[in-house]
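Q: Predicted coordinates and the sequence they were generated for:
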Amino acid sequence: MSASKPIEKMTFEEAMQQMQEIVETMRRGELSLEDSVEAYRRGKALSAHCEALLKEASEVVKKIEADNEARALTESDMREEVPF
């Protein structure tokens, strides 16, 4: 289990991979109580980081969808004949 990279600098995929490694290490029962607590703490921090990244990605998708809907409305308005 590599803890060298700060969590806030990790990509979603890196954080997920590290969480998998933590789970596997804990399942094997190879950690002392102190190390298990530290691994759990890091796992919770990684989980929170992943949730934040997912929320951020969700907001980006919502904005793209809203922009596309607004553009579609504008384009349909332009197609309508406006009497002068």
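A: Alright, I've got the coordinates.

Q: all contacts plus neighbour counts: C-alpha atoms, from now on.
A: Noted.

Q: What ranges does this protein have for its helices?
A: 12-28, 33-79 (DSSP state H).

Q: Pick the most buried one from those.
A: helix 12-28 (a mean of 15; mean count of other Cα atoms under 10 Å).

Q: Where does pLDDT dip in this structure?
A: 1-3, 75-84 (pLDDT under 70).

Q: From Lys63, how far out is the nearest residue to Met19 once chain neighbours are set aside?
A: Closest residue to Met19 apart from its sequence neighbours, by Cα to Cα, 6 or more residues apart in numbering: Gly43 at 5.7 Å. Applying Cα to Cα, to the nearest Å, the value for Gly43 to Lys63 is 30 Å.

Q: now do Glu8
A: Glu8 is 24 Å from Lys63, by Cα to Cα.

Q: Equivalent analysis for Thr25, please.
A: 39 Å.

Q: And for Glu34?
A: On the measure of Cα to Cα, Glu34 and Lys63 end up 44 Å apart.

Q: And Ser32, by the same measure?
A: For Ser32 relative to Lys63 (Cα to Cα), the value is 46 Å.

Q: Same question for Gln17.
A: Applying Cα to Cα to Gln17 and Lys63 gives a distance of 28 Å.

Q: Could you do Pro6 as well?
A: 29 Å.

Q: Leu31 now?
A: Leu31 is 44 Å from Lys63, by Cα to Cα.

Q: Kindly report the same for Gln18.
A: Separation of Gln18 from Lys63 (Cα to Cα): 30 Å.

Q: do the same with Ala57
A: 10 Å.

Q: ditto for Lys5
A: 31 Å.
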